[in-house]
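Trainee: Coordinates for the following, if possible.
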Amino acid sequence: MHRRELLAAIGASAVWATAMPGRAQDAAPLEIVATTGMIADAAVRIGGDLVSVRGLMGPGVDPHSYRQTRSDIVAMTRADLVLAHGLYLEAQMEEFFEKLVQKGRVEAIAESLPKDQLLAHTDYDDKFDPHVWMDPALWAEVVPAVRDALIEARPESAAVFTRNTDALVAEIGGLAEYGHKILGEVPAQSRVLVTAHDAFGYFGRAYGFEVLGIQGISTESEAGLNRIGELVDVLVDRDIGAVFVESSVSDRNIRALIEGAAAQGHEVTVGGELFSDAMGEPGTYEGTYIGMLDHNMTTIARALGGVPPERGMNGRLSAGL
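Mentor: Model prediction:
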């Protein structure tokens, strides 16, 4: 090959490599460990094939009580970046993170939110409700913190990370609009959300629902007989006909509520299972952040008197959920 042809070929190859979205030129993917599925989902969406993401807490896992395993410790120690939620969500991992952060590997992404946007924690005076992903508009403000952490780790890919973040934030904005539409159709008197633990405070604030959790913000708190009795009275007095179980919390207390209401002659049904602290199964629509919230919004609206689309915002919800 002549020198001029060789140079032309090299130039064409460079243009092709630059044009490939989400592809760093011969760079190994960033090794990222994310504590929750919601954070892992954001990292995958933003990083594309520039990242390799390991999520610690899968479907049905309760982050409030999760303790790192030996393999988790190895993965986080070796990772280029650890993305934690913060706001005391991973309460049992706090001590380990304090040690790990000395090596500069940990970013607590929800800590980026201004404190005046957060709800006070019912159990701790100096802490806040960590369940910020329940309000898509608020989560859209957290997602750029993932972008910034990735850019800091790989500055040369900033344009890709920024472009992917913009697309994800726009999609989350559409989800927030969908929520306002279908949940706004629920009759005002029916906008009472009764769940196993108080994970839906930001959801309630965003969509005008009163939220009543049997347990507190943390599932580590105990639900006493007095609390269950109080909520039974609320169900009966206010003629609330549906309560919700959670995928990552035992349904024992919810069943006690239903039985207590039945003993007073009031019928209460399970309105559906909601994703609270963890997403659905990997590889499913509900196993993404968008799908998780689409499922919750659609399930709540349907159970409490709204008429949402059968298969949700994108027509992708699993049949029968």
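
Trainee: Going along the chain, name the strands of the stretch 1-150 of the chain.
Mentor: 30-34, 51-55, 81-84, 106-108 (DSSP state E, counting those that start in this stretch).

Trainee: Report the separation between Arg67 and Ala40.
Mentor: In this view, Arg67 and Ala40 are 18 Å apart by Cβ to Cβ, to the nearest Å. Every residue, glycine included, has its C-beta placed from N, CA and C.

Trainee: Same drill for these two, tell me which one is more crowded.
Mentor: Ala40 (24 against 10; other Cβ atoms under 10 Å).

Trainee: check contacts around that one.
Mentor: Ala34, Val53, Arg54, Gly55, Leu83 (Cβ atoms under 8 Å, 6 or more residues apart in numbering).

Trainee: Can you name the residues bridging to the last one?
Mentor: Meaning Leu83. Ala34, Glu107 (DSSP bridges).

Trainee: Then the second one?
Mentor: Assessed by DSSP bridges, Val53 has beta-bridge partners Ile32.

Trainee: That one contacts Thr35, doesn't it?
Mentor: No. Val53 lies out of contact with Thr35 (Cβ atoms under 8 Å); the separation is 11.4 Å.

Trainee: who's more crowded, these two?
Mentor: Set Val53 next to Thr35 and count neighbours by other Cβ under 10 Å: Thr35 wins out with 28 against 22.

Trainee: Can you read off the pLDDT for Gly213?
Mentor: Here, the pLDDT recorded for Gly213 equals 83.

Trainee: Could you grab the helix/strand/coil label for it?
Mentor: Secondary structure, DSSP: H, G, I helix; E, B strand; the rest coil: Gly213 is strand.

Trainee: Could you report the neighbour count for it?
Mentor: 25.

Trainee: ok, now Glu185?
Mentor: Neighbourhood size, Glu185 [other Cβ under 10 Å]: 13.

Trainee: if I pick the residue nearest to it when sequence neighbours are not counted, what's in contact with it?
Mentor: Using Cβ to Cβ, 6 or more residues apart in numbering and skipping the chain neighbours, the partner closest in space to Glu185 is Gly306 (4.1 Å). Gly306 makes contact with Ile182, Leu183, Glu185, Val186 under the criterion Cβ under 8 Å, 6+ apart.

Trainee: Read off the pLDDT value for the residue nearest the centre of the chain.
Mentor: Nearest residue to the geometric centre of the chain (Cα atoms, centre = their mean): Met38, 3.9 Å. With respect to pLDDT, Met38 scores 98.

Trainee: Next, work out how far apart it and Asp277 are.
Mentor: Look at Met38 and Asp277: by Cβ to Cβ, they are 9 Å apart.
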